[in-house]
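J.: Model the following, please.
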Amino acid sequence: MGTVTSLHEHRLARANRVARASGAPAQTTLFFDLGSPYTYLAAERAERLFARLEWLPASADALQAAEQTEEGLRGVRDRAQLLGLPFVWPEEPPQAVRGAMRVASLAAQRGCGAAFVLAASRLAFCGGFDIDDPEILAEAAAAAGIGLGEMLAAAGDAGRDGPIEDAGRLLLAAGAARLPALRVGRMLFCGEDRLLEAAAAARAVV
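T.: Take a look at the predicted model:
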């Protein structure tokens, strides 16, 4: 289905070799966009489903266009209700939370992506807050152990946009139709509703 980046492919292959040798589940990569409510629904469950999970921000308009329609909103509400999760649609839908995504890339590099994504998505889709607001973003960053100065620097770093957008484009090229997307080895699972399927695949790749 194609690669996301050659470096990521190398790291993933190495991690999977180690997993096979140890009998541990294969590492899974979760590609997310904080502007998508499905990222919130996935974040609430992903850490319990995967023993080894890497979080990487990815952004592409084509991967979440359907969520901005009335039908898409009803689908999110129905899915949240089915999962027993609270859901609040922000007054200003977070379609392009560029600052928050930049901080997410820092969190991913630091290995605290899960904590940041969970905090940020809860603020957006449980509290209805604008997570690109510096005060709100600082709360999410603090939950992941990222200091205020580091958060502000990352949020203003336009150099982080390129890799995030590249990841989205390469996911599209690999056949992704929506986010979040989960990659297990060379298998790609698109959508929060495929978390269980991806978790089963991760356990099988040993």
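J.: Could you pull out the helices in this structure for me?
T.: Here the chain has its helices, by DSSP state H, at 6-22, 37-49, 70-83, 98-110, 113-125, 134-143, 148-155, 161-173, 195-204.
J.: now for the fifth one, which elements pack on it?
T.: Taking 3 or more CB pairs under 8 Å, 6 or more residues apart in numbering; DSSP states H and E as the contact definition, the neighbouring helices and strands of helix 113-125 are helix 37-49, strand 53-57, helix 98-110, helix 134-143. In short, each C-beta sits where N, CA and C put it, glycine included.
J.: For residue 185, which of the helices of the chain is the nearest?
T.: Taking CB to CB, helix 6-22 is the member of the helices of the chain nearest to residue 185, at 6.1 Å.
J.: Compare the helices of the chain and give me the one nearest residue 189.
T.: Nearest to residue 189 among the helices of the chain is helix 195-204; the distance by CB to CB comes to 4.1 Å.
J.: Look at the most centrally placed residue in the chain and report its pLDDT.
T.: Central residue check for the chain by CA atoms, centre = their mean: the C-alpha nearest the mean position is that of residue 32, 2.4 Å away. Per-residue confidence (pLDDT) for residue 32: 95.
J.: what does residue 18 give?
T.: Residue 18 carries a pLDDT value of 43.
J.: now do residue 28
T.: Listed pLDDT for residue 28 reads 88.
J.: Ok, the one 10 residues further on next?
T.: Model confidence at residue 38, given as pLDDT, is 92.
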